[in-house]
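Visitor: My questions are about this predicted structure, shown below with the sequence.
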Amino acid sequence: MPGGGTAPLTSLAGFAGVLELVGGAFLLVGLFTRPVAFLLSGEMAVAYFKGHAGQGLWPVLNGGVPAVICCFVWLYISAAGPGPWSIDALRRRKAGEPG
């Protein structure tokens with residue numbers, strides 16, 4: 001925040017911070033990987049369009065490259081799913097599901 005302030009949790013920046021904190025922790029351990037990654041991908045798309053797209057079309061010119069990269073990385077993880085060492089994989093093995 002400008003001037004070193006903090007955003008209130010009820011603001012858009014505060015809500016995004018909570019999503020990133022909780023979603024990042026879930027992705028770190030591999031819990032609910034697909035839906036969390038899809039949610040974070042959407043959050044990054046919203047961040048790009050609200051914060052950068054108004055300054056020009058191309059991400060390189062409007063400073064939106066990190067938001068676009070994160071958006072597509074989370075979208076890929078949403079499609080690829082969790083890895084073999086994730087909590088999701090452990091839950092699948094305990095439930096007897098294949099894969």
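Guide: Cool, got the structure. Residues are numbered from 1 along each chain as shown.
Visitor: Could you point out which residue ranges in the protein have low pLDDT?
Guide: 1-2, 97-99 (pLDDT under 70).
Visitor: Spatially central residue for it, please.
Guide: With distances taken as C-alpha atoms, centre = their mean, residue 40 lies nearest the centre of the chain, 2.6 Å away.
Visitor: can you list contacts of the helix or strand in which that residue is found?
Guide: Counting by DSSP states H and E, the element that carries residue 40 is helix 33-51. Contacting residues not belonging to helix 33-51 are listed as 12, 16, 19-20, 23-24, 26-27, 59, 64, 67-68, 70-72, 74-75, 77-78, 81-82, 86, 88 [C-beta atoms under 8 Å, 6 or more residues apart in numbering]. Using the backbone N, CA and C atoms, a C-beta is placed for each residue, glycine as well.
Visitor: Distance check, the residue nearest to the centre of the chain against residue 70.
Guide: 8 Å (C-beta to C-beta, to the nearest Å).
Visitor: and what of residue 57?
Guide: Relative to residue 70, residue 57 is positioned 19 Å away (C-beta to C-beta).
Visitor: Appreciated, that's everything.
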